[in-house]
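Engineer: The sequence isn't on hand, but the structure is:
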Ligand code: GLN
């Protein structure tokens, strides 16, 4: 079922295999009818993750990129919407001429060919993969996931036995007496079997680890050897999951099933995640949704930077509409994330004003960048009616991108994905990145209005990152750390390669703490 940790489980398994020298890629299947996650409400579905090629995808793709340290492409997120669109387009073109177009075989064939083409793409920009993880979202037995599970069954039948391995992630709940219950697992395994699928490995998720007794019981009821039953209890840090799975012998079961002989073993990941923290900072993230999942990549990027600096980052998620309840002066840094729409904007602008005037480190991302410009225009230049065209009437220091004018479709039409940015010599941005040309991911419709640019610059706001005539980074000199970016550095941050903007921010928060 959703929320169980299938994505983290699969990503961790991928990491274990990568640690052994295998090239690993991943595909996420989302059985909903949306073409992609771009138009979905993050409050319900979690963050919309953005790929290098501009794909707006499920947040699990972010987990795959972070655990495997690879860049994926849109092809690696398959949805029912994409499958049906493609089949219907083929039907209209006449590709199926004469045939009655049906779920089996046409939809299942399309699913198989999409899985295959993503697997064959391997690691985008790098080369072929030894192993492709395919995560089927949803719940066994759901109507929506049926065609996908059927396609998996067909593929398993077609390929040599040792080419595929099937993992089933199940919930192992505890009853009121504290006993672990295997009944839900027995039922879902039965449901899988009815679809012609036999699990080679069962991953039992729960708050508590499952012991030998429970494992034996699952093994007996579900027809698989006891080594095929793996305990996956909740751990404080998701990056520890590969270590836990390693201890459970998952790598051995998978390697023997798939006939993979390890190339080399690399323990870099394990030493990274077991590093001790020597200091701590407290950061406020001023948000529209008080839900962590909406800002998952930001949370992870702060963790990556913190880990590299041996600094534990404690995050408080503040509601932008009620942030006065929590005085910002208590924090070592303020982060203003991206967002859309009007709600909570004035609170975010007020938080930026506070961080600017009280000299608290500030990192603004996308909407956070745009509002930093609005705040500066209002409170430093004295343009009281300065605002963004997205908000309403007034002096539009933030305007719609020219190419966005007249765009009516919402799906996949923003300025999306990788664009280069050139940094200004001698700026804070240049110091943080250590190079003049960078590439970052984007997702926006608005930009700094070029009409007001000369006056904003004359008034002291420094635009230290640009792309053509587009402003990408702003900073304020004479402040311990005030950096805001039109792009989203959080999407490229990895545990093994923290995003420079986050590293700079967490470092500034540490210095702030020492000063305070
Ligand atoms: N709403 C703003 C825009 O579309 C900011 C987008 C964002 O924060 N991702 O430009």
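Structural biologist: Yes, it's here. Fair warning: this is a prediction, and the values are worked out from it, not measured in the lab.
Engineer: Tell me who's in contact with the closest residue to residue 1 other than its chain neighbours.
Structural biologist: Leaving aside its chain neighbours, residue 1 sits nearest to residue 139 (4.6 Å; criterion: CB to CB, 6 or more residues apart in numbering). For glycine as for every other residue, the C-beta is placed from the backbone atoms N, C-alpha and C. Applying CB atoms under 8 Å, 6 or more residues apart in numbering, one finds that residue 139 lies in contact with 1, 2, 145.
Engineer: Quick check: closest non-adjacent residue to the one residue in the chain that gets nearest to the ligand.
Structural biologist: Nearest residue of the chain to the ligand, counting by CB to the nearest ligand atom: residue 338, 2.6 Å away. The shortest distance from residue 338 to any non-neighbouring residue, by CB to CB, 6+ apart, is to residue 366 (3.4 Å).
Engineer: my guess is the one you found meets residue 487, correct?
Structural biologist: Yes - using CB atoms under 8 Å, residue 366 and residue 487 qualify as a contacting pair, with a distance of 7.1 Å.
Engineer: Between those two, which has more neighbouring residues?
Structural biologist: Set side by side, residue 366 and residue 487 give different neighbour counts by other CB atoms under 10 Å, the larger being at residue 487 (28 against 23).
Engineer: can you count the residues close to residue 311?
Structural biologist: The burial count for residue 311: 20, using other CB under 10 Å.
Engineer: quick one, phi/psi of it?
Structural biologist: When read as degrees, to the nearest 10, the backbone of residue 311 gives phi -120, psi 120.
Engineer: any idea of the pLDDT on it?
Structural biologist: Per-residue confidence (pLDDT) for residue 311: 97.
Engineer: So how do I select the buried members of the contacts of residue 139 in ChimeraX?
Structural biologist: A single ChimeraX command selects the buried members of those (16 or more other CB atoms under 10 Å):
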select :145
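Engineer: now the contacts of residue 139 in a markdown table, with distance to the ligand, secondary structure and pLDDT?
Structural biologist: Shown next, in a markdown table, are these (distance: CB to the nearest ligand atom, whole Å; DSSP: H, G, I helix; E, B strand; the rest coil; pLDDT from 0 to 100):
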| residue | distance to the ligand | secondary structure | pLDDT |
| --- | --- | --- | --- |
| 1 | 30 | coil | 78 |
| 2 | 25 | coil | 80 |
| 145 | 30 | coil | 94 |
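Engineer: okay if I get the contacts of residue 139 as TSV plus distance to residue 20?
Structural biologist: Converted to TSV, the contacts of residue 139 look like this (distance: CB to CB, whole Å):
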residue	distance to residue 20
1	30
2	30
145	30
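Engineer: ok so, going back, might one say that the residue of the chain closest to the ligand is in contact with residue 371?
Structural biologist: No - taking contact to mean CB under 8 Å, the distance of 10.3 Å between residue 338 and residue 371 leaves them out of contact.
Engineer: quick revisit: what touches both of residue 366 and residue 487?
Structural biologist: In terms of CB under 8 Å, 6+ apart, residue 366 and residue 487 are both contacted by the residues residue 442.
Engineer: Poorly predicted segments of the protein, please.
Structural biologist: Per-residue confidence of the chain (counting by pLDDT under 70) places the weak regions at 516.
Engineer: residues from it in reach of the ligand?
Structural biologist: Within the chain, the positions adjacent to the ligand are 338, 339, 340, 366, 367, 370, 390, 443, 444, 445, 446 by CB under 6 Å from any ligand atom.
Engineer: List the residues that contact the last one.
Structural biologist: When contacts are counted by CB under 8 Å, 6+ apart, residue 446 is found next to 370, 388, 389, 390, 398, 399, 400, 401, 404.
Engineer: cool, and the first one?
Structural biologist: When contacts are counted by CB under 8 Å, 6+ apart, residue 338 is found next to 365, 366, 367, 368, 443, 444, 488.
Engineer: Then the third one?
Structural biologist: The neighbours of residue 340, taking CB under 8 Å, 6+ apart as the test, are 367, 390.
Engineer: From residue 52, how far out is residue 246?
Structural biologist: Between residue 246 and residue 52 the computed distance is 30 Å (CB to CB, to the nearest Å).
Engineer: Just want the most central residue of this structure.
Structural biologist: For the chain, the residue whose C-alpha lies nearest the mean C-alpha position (CA atoms, centre = their mean) is residue 62; its distance is 3.0 Å.
Engineer: how many other residues sit next to the closest residue to it other than its chain neighbours?
Structural biologist: When the adjacent residues along the chain are set aside, residue 62 lies closest to residue 49, with 4.2 Å between them (CB to CB, 6+ apart). When neighbours are counted by other CB under 10 Å, residue 49 registers 27.
Engineer: pretty sure residue 49 is touching residue 37, no?
Structural biologist: Yes - using CB under 8 Å, residue 49 and residue 37 qualify as a contacting pair, with a distance of 7.4 Å.
Engineer: so what sits against both of these two?
Structural biologist: Both residue 49 and residue 37 are contacted by 56, 57, 58, 59, under the criterion CB under 8 Å, 6+ apart.
Engineer: quick revisit: what's near enough to touch the residue nearest to residue 338?
Structural biologist: Each residue near residue 366 by CB under 8 Å, 6+ apart is listed here: 337, 338, 339, 442, 443, 444, 485, 486, 487, 488.
Engineer: Give me the subset of those that lies in strands.
Structural biologist: Members of the contacts of residue 366 lying in strands (criterion: DSSP state E): 442, 443, 444, 485.
Engineer: Show me what the third one bridges to in the sheet.
Structural biologist: To tie it back to what came earlier, the one meant is residue 444. When bridges are called by DSSP bridges, residue 444 pairs up with residue 415.
Engineer: how close does the residue of the chain closest to the ligand sit to residue 139?
Structural biologist: Per CB to CB, residue 338 is found 31 Å from residue 139.
Engineer: Ok, residue 29 next?
Structural biologist: Relative to residue 139, residue 29 is positioned 13 Å away (CB to CB).
Engineer: Equivalent analysis for residue 319, please.
Structural biologist: Between residue 319 and residue 139 the computed distance is 32 Å (CB to CB).
Engineer: Neighbours of residue 451, how many?
Structural biologist: By other CB under 10 Å, the burial measure for residue 451, its neighbour count, is 11.
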